[in-house]
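Asker: got a sequence here, can you model it:
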Amino acid sequence: MAVLTIQSCAARSSPGRLVRRIDKLMANLVESRFEDTGVSFVQWIALKVVRDGVARNAGDLARELSITTGATTRMIDVLEARGFLVRDRGSADRRVVQLAVTDEGHALVEQLQHRVVEAWNEVLVDFEQDEVDVVVAGLIKLLAAAERVCGCPDRHKELAE
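Answerer: Here you go, the predicted model:
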């Protein structure tokens, strides 16, 4: 069982700081590559996670993006007005509003996905493929563990096994 100590969590090696710092740096890098696209990186992420089934409704999307439900509603409104996303009121219970990516939204996700992959490949240029595989597997396992401890839905458990 791995155990961290106060000494091993010094600022330069603290897992929380490292994950936060990587997230901020990568978000800024990729966002800069979306400047000419007419959508923000966060809007693209929203479309991708809805398309991939990670988020199915506004609440899922708010949790996935770590933004307020109000900000999520505004983003959905913008993406819907631009024809990238639709709200689907199910016939069984019209109170339940599912999100679906339109054909235009699918095309946009595909069109811009290479920018995200290229940014990550630029950062990972000095890594061997097996190192990248270990990092990704470790992050998936870390996310599943954090979700379990925090009582969040265990959406990533199957990936960690």
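Asker: look at residue 77 and say how many residues are nearby.
Answerer: Number of residues near residue 77 (other C-beta atoms under 10 Å) recorded here: 12. All C-beta spots, glycine's among them, are computed from the backbone N, C-alpha and C.
Asker: look up how far residue 136 lies from it.
Answerer: To residue 136, residue 77 is 34 Å away according to C-beta to C-beta, to the nearest Å.
Asker: where does residue 99 land in three-state SS?
Answerer: Residue 99 carries the three-state label strand when classified by DSSP: H, G, I helix; E, B strand; the rest coil.
Asker: can you count the residues close to it?
Answerer: Counted by other C-beta under 10 Å, the residues lying close to residue 99 total 23.
Asker: for it, give me its contacts.
Answerer: Neighbouring residues of residue 99 by C-beta atoms under 8 Å, 6 or more residues apart in numbering: 50, 55, 56, 57, 58, 61, 76, 85, 86, 87, 88.
Asker: one more time with 7 Å
Answerer: 50, 55, 56, 57, 58, 61, 76, 85, 87 (C-beta atoms under 7 Å, 6 or more residues apart in numbering).
Asker: equivalent analysis for residue 8, please.
Answerer: Counting by C-beta under 7 Å, 6+ apart, residue 8 has no contacts.
Asker: and residue 62, by the same measure?
Answerer: Contacts of residue 62 by C-beta under 7 Å, 6+ apart are 68, 69, 72.
Asker: mind putting the residues you listed into JSON lines with secondary structure?
Answerer: Shown next, in JSON lines, are the contacts of residue 62 (three-state DSSP):
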{"residue": "68", "secondary structure": "coil"}
{"residue": "69", "secondary structure": "helix"}
{"residue": "72", "secondary structure": "helix"}
